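everything below, folded, please.
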Amino acid sequence: MRANITFLTSLFVASAVFGAEEQPPVRELSTDRPDQTESAHTVPKGWFQVESNLISFSRTRQAGERSDDTSFCDFIFKYGITHNTDLQIGWAPRLLHRSEDADSVLIGKNNGSGDLYLRMKTGLVGNDEGPYALALLPWAKAPTATKGLGNDCWEYGLTINQELDIGGGWELGSSIFLSMAVTDHQTRYFEPAFTIAIGRDLTEKIGFYVETYQGYLTDEGRYWQSSLDGGLSYLVTSNLKFDAGVNWYYNAQEAINPFVGVSFRF
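Below you'll find the model as predicted:
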């Protein structure tokens, strides 16, 4: 019931923004979603921006087990503190987890909220215009998740985001993730990863992208995790955008992750 209330609240807020569109700010709406590649642009000074999965579902298969994870209305809330810097808070208010063994016998079930993410993005090059943009995004994760839905440890890292206009309406994006993560056994380790995404607008309202993610992770040992992603976005107004996509993880933990989301600013 709480998830449904949160879901309807998000739709109401988004609809309100659509109904009361103001004059567009200096730069166009730029979001870190729906792809895993982060934007190289910041929120304009004095503006608030919300980016949210209305619903995200992930099914993972590993070592004969299946895990289903559902998130309702997880979000990143941003505020532009200067022309080229914004502060961000990310949180998942409603998470559902369920795991089964190879015989479909329930071995784990949990629900609650997720960890809190604190982030700050600074645009160094091309934040307003130009064919190339570069931004740095340091972040930290505070262990606020419900027991069983997190690792109860602080984590932190730096993301380097780049975008390049390659002509013909096509745009190339890339993020390099440099993270200090923690395993389930409370062991801290360096976790590098990167993404490459390419996309373009099909019309004035509709855009699409394809992307790959590559991460050097650890579990019982070090391994490469890969994904192939794709999705669509629909720009309702200059301040409101809906999106939908799917991330397909392979090469290690097999997982499929479809989602539907919304971004708006005011």
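
now the helices for this protein?
Counting by DSSP state H, the chain has these helices, from start to end: 2-19.

so where do the strands sit in it?
According to DSSP state E, the chain carries its strands in the segments 48-62, 65-80, 85-91, 94-100, 106-112, 116-125, 132-142, 155-167, 170-182, 188-201, 206-218, 222-237, 240-250, 254-265.

touching, D101 and A63? I think so.
No. With contact defined as CB atoms under 8 Å, D101 and A63 do not form a contacting pair (9.8 Å). Every residue, glycine included, has its C-beta placed from N, CA and C.

which of those two has more neighbours?
Remark: of D101 and A63, D101 carries more neighbours, 13 against 9, as counted by other CB atoms under 10 Å.

model confidence for the residue of the chain positioned farthest from its centre, exactly?
When distances to the mean C-alpha position of the chain are computed (CA atoms, centre = their mean), the maximum falls on D103, with 32.8 Å. What the model reports as pLDDT for D103 is 72.

same question for P25.
The pLDDT attached to P25 in the predicted structure is 56.

I figured I81 hits L87, correct?
Yes. Contact between I81 and L87 holds when scored by CB under 8 Å: they sit 5.6 Å apart.

can you count the residues close to V262?
Using other CB under 10 Å as the criterion, V262 is surrounded by 26 other residues.

that one reaches L240, doesn't it?
Yes. In this structure, V262 sits in contact with L240. The criterion is CB under 8 Å, and the distance is 7.5 Å.

got a list of contacts for stretch 242-261?
Outside stretch 242-261, the residues within contact range by CB atoms under 8 Å, 6 or more residues apart in numbering are 33-36, 51-62, 209, 213, 217, 223-234, 236, 262-263.

buried set for that stretch?
By neighbour count, with 16 or more other CB atoms under 10 Å as the criterion, the buried positions of stretch 242-261 are 242-243, 245, 247, 249, 255, 257, 259-261.

what do you get for stretch 81-94?
For stretch 81-94, burial by neighbour count (16+ other CB under 10 Å) applies to 84-88, 90-92, 94.

from the chain's centroid, how far away is that stretch?
Its chain's average C-alpha position is 12 Å from that of stretch 81-94, according to CA atoms, centre = their mean, to the nearest Å.
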